[in-house]
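K.L.:
Make a model of this:
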Amino acid sequence: MDYILIFIMCVLATAKMSFQTAFGKHSVKNSTDALTFNLFVFIASALLFLPEVFGCSPAVWVYSLVGAIFTVAYQLVYTKALSIGNVSLTVLIMNFNMVVCVLVSYLFFHEPISLLRFLGILLTVASFIICNGAGTKEPIDKKWLLFAVLSMLATSGGSIVSKFLSRSPYNTETKAYVSALYILATVISLAIYPMMSKKETRTFKIGAGVIKYAIAVGISLALFQAVYNYGMARIDGTLLFPAESGGAIILSTLAGVLIFKDKLTKRQMLGMAVGIVALVVMNF
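P.N.:
Residues are numbered from 1 along each chain as shown. All right, here's what the predicted structure looks like:
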């Protein structure tokens, strides 16, 4: 059952990525574009489990507020990092959030890291590095590096909030948390939108196409978050975080080939092979 949950998480993460990429490749040109689109995504995510928030524990709203701050911050700094730096290296650094989350699981929740699981984590990191083409000789832009690291820390923060919720007395209110999280993310996004739009003007018109993609991404995101939180209450983070991250990378790469007609280099194929070995090793 645990492996089925992880596989479902990987599929949902890949679905979200695919819908988001299909829209973003043609329409997202700056941070205001990203904020606008994510605003509609957050609304769609909030509506999926909206009835659950009525009567939920006040503590759930506290967890949701912290999670929403991390979520909005991640969207802003990740978009900025992508706009000024190497995409592959940005994705690589962002994926190191898995290491942060594993350390939190080990240090705060005393979840075990066996020798094979530790080896699997190292292989997962190696897969990230190989797939994302690290090793470029281009000079490092310090501003880009700052935003890339901040994006990694922001997405780590969101996962850690979910982890603490999953081990709290309120872990049965997962759906309420998801809806409250994205309600608050919507409110925060609306609050900062006037400031963002003054710096950069939105480049796309809001129409049926935007709403269609936002609903698809929002539903995928909300379902992923619900399954993710449920899985955290059942599965050690020292397994869940690297397995979900590695599996999502593999499925996302395959989706890129099948849906977006991306061409895999030999290096990327090697990285995928290392990722598959990592998943096998961790699951022994």
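K.L.:
and for the helix or strand hosting Ile130, what are the contacting residues?
P.N.:
Using DSSP states H and E, Ile130 sits in helix 115-131. Residues from elsewhere that reach helix 115-131 (Cβ atoms under 8 Å, 6 or more residues apart in numbering): 92, 95-96, 98-99, 102, 113, 135, 238-239, 242-243, 245-246, 249, 253, 267-268, 270-272, 274-275, 277-279, 281-284. Just so you know, the C-beta spots here come from the backbone N, C-alpha and C atoms, and that holds for glycine as well.
K.L.:
what do you get if the cut-off is 6 Å, keeping everything else the same?
P.N.:
92, 95, 238, 242, 246, 267-268, 270-271, 274-275, 277-278, 281-282, 284 (Cβ atoms under 6 Å, 6 or more residues apart in numbering).
K.L.:
what do you get for stretch 60-76?
P.N.:
38, 151, 154-155, 157-158, 161, 165, 170, 173, 176-177, 180-181, 184-185, 188-189.
K.L.:
Spit out the contact partners of the closest residue to Tyr74 other than its chain neighbours.
P.N.:
Once flanking residues are discounted, Tyr74 sits nearest to Ala154: 3.7 Å by Cβ to Cβ, 6 or more residues apart in numbering. By Cβ under 6 Å, 6+ apart, the contact set of Ala154 is 70, 73-74.
K.L.:
where does Arg234 fall, helix, sheet strand or coil?
P.N.:
coil (DSSP: H, G, I helix; E, B strand; the rest coil).
K.L.:
what about it, neighbour count?
P.N.:
Close neighbours of Arg234, defined as other Cβ atoms under 10 Å, add up to 12.
K.L.:
Got the phi and psi for it?
P.N.:
phi -110, psi -30 (degrees, to the nearest 10).
K.L.:
Now it. Nearest residue, chain neighbours left out?
P.N.:
Asp2 (6.4 Å).
K.L.:
What is the burial count for that neighbour?
P.N.:
14.
K.L.:
and what of the one 4 residues further on?
P.N.:
Burial of Ile6 is recorded as 22 neighbouring residues (other Cβ under 10 Å).
K.L.:
Contacts only, for it.
P.N.:
So Ile6 contacts 243-244 (Cβ under 6 Å, 6+ apart).
K.L.:
if you set the cut-off to 10 Å instead, what comes out?
P.N.:
Shown in contact with Ile6 (Cβ atoms under 10 Å, 6 or more residues apart in numbering): 227-228, 231, 235, 239-240, 243-244, 246-248, 279, 283.
K.L.:
same check, this time on Ala148
P.N.:
77-78, 80-82, 84-86, 89-94, 96, 140-141.
K.L.:
Name the helix or strand for His163, please.
P.N.:
Rather than His, residue 163 is Lys. helix 142-166.
K.L.:
List the buried residues of that helix.
P.N.:
Residues of helix 142-166 classed as buried: 144, 147-148, 150-166 (neighbour count, 16 or more other Cβ atoms under 10 Å).
K.L.:
right, and the pair among the contacts of helix 115-131 with maximum separation?
P.N.:
Thr238 and Arg267 (28.1 Å; Cβ to Cβ).
K.L.:
where does Ala216 land in three-state SS?
P.N.:
Ala216 ends up helix, using three-state DSSP.
K.L.:
Under the pLDDT cut-off, which ranges of the chain? List them.
P.N.:
Low-confidence segments of the chain (pLDDT under 70): 1, 87-88, 132-140, 260, 262, 283-284.
K.L.:
would you list every one of the helices in it?
P.N.:
2-27, 31-48, 58-84, 87-95, 97-109, 115-131, 142-166, 174-199, 208-232, 237-258, 266-282 (DSSP state H).
K.L.:
Distance of the residue nearest the centre of the chain relative to Val62?
P.N.:
Taking Cα atoms, centre = their mean, the centroid of the chain lies closest to Thr155, which sits 6.4 Å from it. Going from Thr155 to Val62 by Cβ to Cβ, to the nearest Å gives 20 Å.
K.L.:
just Ile276 next, same as before
P.N.:
For Ile276, the distance to Val62 - Cβ to Cβ - is 40 Å.
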